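*Asks:* Show me how the following folds:
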Amino acid sequence: LKEILERAGFEEKTVKNPGPTPPLDVIQNKMKIIDERLGSLQNQKEKIYLNIKETEDTIDKLSHFIGTDIDFNDVAKSKYVKLRLGKMPVESYDKLKYYENNPYVMFTPCSNEGDFIWGVYVAPIESKTQVDNIFKSLFFETVEIPEGLGTPVESIEQLQSRNKKLRSEYKELCEIINEF
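*Replies:* Modelled structure (predicted):
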């Protein structure tokens with residue numbers, strides 16, 4: 001009982017003359033209902049928090065591609081090429097010169113962040129596996145792009161709007177839990 005009350009944010013207090021004590025099974029049933037409701041609210045809050053962090057992470061990653069006008073929707077619909085966005089260590093970027101005779105190994109740098117070069121490569125569908133393996137060997141880390149987004153700027157704006165709504169929901173849930 002004490003643990004449930006603590007999870008609900010109640011402080012332990014001694015009450016003088018509380019009146020008749022309800023039967024134990026009634027108290028246990030009410031506490032079970034409170035615990036289930038509070039647990040459900042906490043789970044919702046946790047999911048929203050994770051969505052906020054995931055959205056912020058995606059915004060951070062996409063910010064490296066703001067200078068490009070790539071429309072992610074158009075690229076995703078392509079039947080002939082696959083686009084990969086991501087980062088690779090600077091040392092790996094320097095090793096790309098060893099592949100200059102391979103017409104499918106073309107990397108376009110977009111930004112530099114310390115030890116990493118962020119950029120884009122495109123591979124024809126029929127050579128995708130071979131090109132992906134070359135970039136994996138260069139420690140290229142792919143950035144997953146959520147579906148339904150446009151250019152990097154449009155994508156970031158959509159994600160920021162989504163994040164604003166998520167933060168509002170999170171704040172509302174925190175208030176409900178605190179009032180509980």
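*Asks:* drop to CA atoms for contacts and neighbour counts, all remaining ones
*Replies:* OK.
*Asks:* Low-confidence bits of this protein, can you list those?
*Replies:* Along the chain, the model assigns pLDDT under 70 to residues 1-2, 4-19, 180.
*Asks:* just the helices in the protein please.
*Replies:* Using DSSP state H, the helices of the chain run over 2-7, 24-62, 72-77, 90-95, 128-137, 152-179.
*Asks:* Mind checking which residue lies nearest the centre of the chain?
*Replies:* Residue closest to the mean C-alpha point of the chain, counted by CA atoms, centre = their mean, is Glu54 at 1.5 Å.
*Asks:* gap between it and Glu154?
*Replies:* 17 Å (CA to CA, to the nearest Å).
*Asks:* Could you give me the buried positions within stretch 88-102?
*Replies:* Buried residues in stretch 88-102, counted by 16 or more other CA atoms under 10 Å: 88-90, 92-93.
*Asks:* what separates that stretch from the chain centre, distance-wise?
*Replies:* Here stretch 88-102 shows a centroid-to-chain-centroid distance of 29 Å under the convention CA atoms, centre = their mean, to the nearest Å.
*Asks:* swap in stretch 147-166?
*Replies:* Remark: stretch 147-166 is offset 12 Å from the chain centroid, using CA atoms, centre = their mean.
*Asks:* can you check stretch 83-90 too?
*Replies:* 18 Å.
*Asks:* Export only the CA atoms of that stretch, formatted as PDB.
*Replies:* Taking Å, rounded to 0.1, in the frame of the first residue of the first chain, the C-alpha atoms of stretch 83-90 are listed here in PDB:
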ATOM      1  CA  LEU A  83      19.500   6.900 -51.600                       C
ATOM      2  CA  ARG A  84      21.400   6.500 -48.300                       C
ATOM      3  CA  LEU A  85      22.000   9.400 -45.900                       C
ATOM      4  CA  GLY A  86      24.400   9.000 -43.000                       C
ATOM      5  CA  LYS A  87      27.900   9.700 -41.700                       C
ATOM      6  CA  MET A  88      31.300   8.100 -41.900                       C
ATOM      7  CA  PRO A  89      34.500   8.700 -40.100                       C
ATOM      8  CA  VAL A  90      36.800  11.300 -41.700                       C
END
